[in-house]
Every structure is written in C-alpha cells, then in structure tokens.
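[1] Got a predicted model here, sequence first, then my questions.
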Amino acid sequence: MLRVDVEKQLGEFTLAASFSSEGRVTGLFGASGAGKSSLVNMIAGLLRPDRGTIVIDGETVDDTAAGIHVPTWRRRIGYVFQDARLFPHLNVAQNLDYGRRMNNLAPDPAQYRRVIDLLDIGALLDRRPGKLSGGERQRVALGRALLSRPRLLLLDEPLGALDEGRKLEILPYLVRLRDEANVPMVYVSHDAAELRQLATQIVMLKQGRVTSFGGVKVLT
Amino acid sequence: MLDITPTEWTAILLSLRVAVIATLVATPFGIALAWLLARREFWGKSVLDALVHLPLVVPPVVTGYLLLLTFGRRGLVGAFLADHLGIVFAFRWTGAALACGVMSFPLLVRPMRLSIEAIDRRLEQAAETLGAAPWKVFFTVTLPLALPGVLAGMVLGFAKAIGEFGATITFVSNIPGETQTISSAIYSLIQTPDGDAAAGRLVIVSIVLALGALIVAEWFARRATARLHGN
C-alpha cells in the first residue's frame, strides 16, 4: 500500500499531489514536465517534500509535520531508472548481488535463480555493463532492484531510453514481473499504451496536480 | 654502467623511504580532502582549497621555515609531539618525510579530486536506493571508481616527494644518512671540487625515478577511463 500527500516547490513549478493506491501496479501517467519523476524521487526519499506525508506499506517514511524523513537507504524500495545505472566496475552478477550485500541479507539461491530466469539474464552474469545492450542493461537493473527484496518497486520510464523494438522485447518481462514477483510497483510513463498493458491503477498528473485517479479506463 | 657508491646508495634509499612514507601517510588525508572538495559544499571551502594549493606557489624555503617554526623542537606542535608522543621531526628523516608530504600534497590531491568529480552521482543515488548507507556508498562505489585517480595521485605525489629540496633542506638540513636525500646530495656534490661524476649519477637516478612515476601515473589515468565506461 502506498499513500502520498505532498507539496513541493521546484523553482517556478509547484507539485501538489495526493493519492493512495492499493493496486499491484500504480501507473503514474502524464506528459514530460508534469512532475512524475519528482514525485517518484520523493517516494524514494531522494527528494524531500516541503509539506506532507508519504506512507509505504504502513510505515510513515515522510511526515514534515512530525519531522520524519527516512533516508533512501532505509526505505527498502527498489528503483529502476530510465538509464539503468548499473555499477560499471562490477560485473552483472556482482551488480545483482549488491542490494543483498548492502542490506546484510542471507543469500537466497532459490530467489536468485527465480529472478534470473524470470528476466533471462543467466547468460550475462560474467559480463561488464559496458558490454551489454540497452535492453539487457534494463533487465539487469530490474533484477538488481528485485534482489534487494524491496517492499515497493519504483520504475521511472524504464523503457524510455529504448527504441520500439527493444521496448517490445522488455514489455513481456515487465508483465511477468507484475504477475509473478509479488512486489507492488509504481510505474511512471508518458505512454498510455504501455500503462494499459501493465498498470492496475492510474494516477494522472498534469502540471504538478493529480487530475484523475482510477482504473486503466481513465487513460481513454 | 652506473657505478653507484655506498654514500650515494644511502641518499637514494633514504629518498625512497622518505617519499614512500610521505605518500602513504598523506594518502588517507588526500582522499578525505579530495572527497570533501569534490562532493560537499561548506563555508570556507574556497579558503581550504587555496590552503591545499599553497605549497605549490609559496617559495619552498618559506614552507620549510614555517615547518621549522611549527614542528621544530621549540615549535608549538613539535614540542608537544616530542614531549608527549616521543615523535621528533627536527633534523630527522621523519621531518624530511613531513616536508615532502606537505610539498607534494597538492599534486597528490588533484587527480583524486578530479576522479571523484568525474563519477556520476546518479550511480551513488542508485546505490542508496539499493540500501547502501552513505559510508557504504563511498567504499563500494565512489572509492572503487576513483581508485585509478587515487593511485595516479599517489604516484604523482611520490614523484614530487622524491625530488623535493627547498623545504626539506630548510626544515631538516642536509645530514648524510639522516636527512640527505638525492636532491640535497646532488646539491652538496655540485659544491665539491670533484663531485661532478657522482652528481651526474644521482641526476640520472632522479630522472629515471621521476619519468617512471609519470608513466605509471599515465597508465592509471587510462585505466580510470576504461573503468568508468564499464568495459
């Protein structure tokens, strides 16, 4: 469960968003500049709201009135960025294992195998990120986020940097992720078609405000 | 080929010892300072930055004199260290190491700072979202990615330390076997009537050491680029 009620002034731009979602995949939809990324960065703790509250899975991670701001690294979230952001000095296997090591979690070979199979990245484990295609990089980034065992997965335009062909290559993996990984997701996109395939709930943002909220039919 | 006499060896080995110790002790401070200058905004940052570069522009004899005033037997810090910790810098090889460390510090910090600045901060953010506390981000992402720059800084600092002359001779004088490094040995030999051959040998040694260090530093710099591109 995710509950967001925040305000943030970013230069001339005012972001004031309020919604709560029980859905498996909450789609954040809006044109570029609508405030989607800022909103996700606030959920991740990378950006601090001027006013308001954010509650993830029953835990208040931001409450400006009470002076609560849980730092990013303690939020137990996963974040897949548009530009993968794999660690260039580590190979794929080490990238995948990073979150587990940082959180001092015991190795879970079964879960590791599951995620690798789910994303079809078993053949890439020894490679360096520099030797991967854009689509492969994004799949590894998904795996890396999942293996840190987050309670919420944030995906900020994960297909945004890929061409049409690559998008179609990744989309089925995201659908599988939604159906099998059992982690609630916030999926940011400006592409209605993408969200229609993936999201179970939609939050529509326009110029920093939530204009509608509901099932995927609000996209039409 | 080079017929190096025992006295000359003493100077060479002392120079190496002084430069190695100076570099090793200066490195942790250098990394901390490089990170501070590259990643943090704070009051007095430009003053600190200028202070770090000071030994590069102030006459070495001035730096040496200031070290003598501060770390000499009767200096404020020097007296304290000698009385309480038994560490003496004045006219000892440790003093030469201190002078070399201070003089080479700007050269040591610079490549470290540049390599930290070149690291994409978004990678550090990604590490945070994966549950890494800030100090873990530093040791698992920032430092490994900056490592070639750190090594390049160490090599450059070492090369500078091994050739340091002005501050060292001012601070700890020119005592054979204790504070006479390659540079001060050359200086003494030039002033001796038949010291030319010996001075020539030491000149060749110091050029070889400096050149070798530069080549190694360049090699590290290339590795840094490859590392940042993940190949």
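    In hand now; what should we look at?
[2] For chain A, what lies in contact range of chain B?
    Within chain A, the positions near chain B by Cβ under 8 Å from any Cβ of the partner chain are A:44, A:46, A:71-79, A:81, A:83, A:85-89, A:98-99, A:102-103, A:128-131, A:144-145, A:148, A:154. For the C-beta atoms, the positions are set from N, CA and C on the backbone; glycine is no exception.
[3] Now the buried members of those residues.
    Buried by 16 or more other Cβ atoms under 10 Å in any protein chain shown: A:44, A:46, A:72-73, A:75-79, A:81, A:83, A:85-89, A:98-99, A:102-103, A:128-129, A:144-145, A:148, A:154, out of the residues of chain A next to chain B.
[4] List the contacts of residue B:45.
    residue B:37 (Cβ atoms under 8 Å, 6 or more residues apart in numbering or on different chains).
[5] Heading C-terminal from the longest helix along chain A, find the next helix or strand.
    The longest helix of chain A (DSSP state H) is helix A:164-180. Sequence order places strand A:185-189 as the next helix or strand after helix A:164-180, per DSSP states H and E.
[6] Point to the residue nearest the middle of chain A.
    residue A:154 (1.5 Å; Cα atoms, centre = their mean).
[7] Report the beta-bridge partners for it.
    residue A:79, residue A:186 (DSSP bridges).
[8] Okay, now the unreliable bits of chain A?
    Nowhere does chain A drop to pLDDT under 70.
[9] what do you get for chain B?
    B:1, B:228-231.
[10] which bits of it sit near chain A?
    B:120, B:122-123, B:125-134, B:136-137, B:140-141, B:144-145, B:227-231.
[11] I'd like to know which of those are buried.
    Buried subset of the residues of chain B next to chain A (neighbour count, 16+ other Cβ under 10 Å): B:123, B:125-132, B:136-137, B:140-141, B:144-145, B:227-228, B:230.
[12] Which members of the residues of chain B next to chain A are positioned in helices?
    B:122-123, B:125-129, B:134, B:136-137, B:144-145, B:227-228.
[13] Wait, residue A:75 touches residue A:61, no?
    Yes - using Cβ atoms under 8 Å, residue A:75 is in contact with residue A:61, at 5.5 Å.
[14] what's the overlap in contacts for those two?
    Joint contacts of residue A:75 and residue A:61 (Cβ under 8 Å, 6+ apart) are residue A:45.
[15] and residue B:135, how many residues sit next to it?
    Residue B:135 has 8 neighbouring residues, counting by other Cβ atoms under 10 Å in any protein chain shown.
[16] show me where chain A has helices.
    Going by DSSP H, chain A shows helices at A:36-44, A:92-102, A:109-119, A:134-147, A:164-180, A:192-198.
[17] Output these in a markdown table; the columns should cover distance to residue B:94.
    A markdown table is the format used below for these (distance: least, Cβ to Cβ, whole Å):
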| stretch | distance to residue B:94 |
| --- | --- |
| helix A:36-44 | 50 |
| helix A:92-102 | 40 |
| helix A:109-119 | 52 |
| helix A:134-147 | 48 |
| helix A:164-180 | 61 |
| helix A:192-198 | 66 |
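[18] which of those helices sits most buried?
    Comparing these by mean neighbour count (mean count of other Cβ atoms under 10 Å in any protein chain shown), helix A:134-147 comes out on top with a mean of 24.
[19] now for that helix, which elements pack on it?
    strand A:77-80, helix A:92-102, helix A:109-119, helix A:164-180 (3 or more Cβ pairs under 8 Å, 6 or more residues apart in numbering or on different chains; DSSP states H and E).
[20] Touching it from outside, list them.
    A:78-81, A:84-86, A:92, A:95-100, A:111-112, A:115-116, A:118-121, A:124, A:129, A:132, A:153, A:158-159, A:161-162, A:166, A:169-170, A:173-174, A:177, A:181, A:183, B:129-130.
[21] Looks to me like residue B:198 is in a helix.
    Yes - note on residue B:198: a helix contains this position according to DSSP: H, G, I helix; E, B strand; the rest coil.
[22] Perfect, I'm done here.
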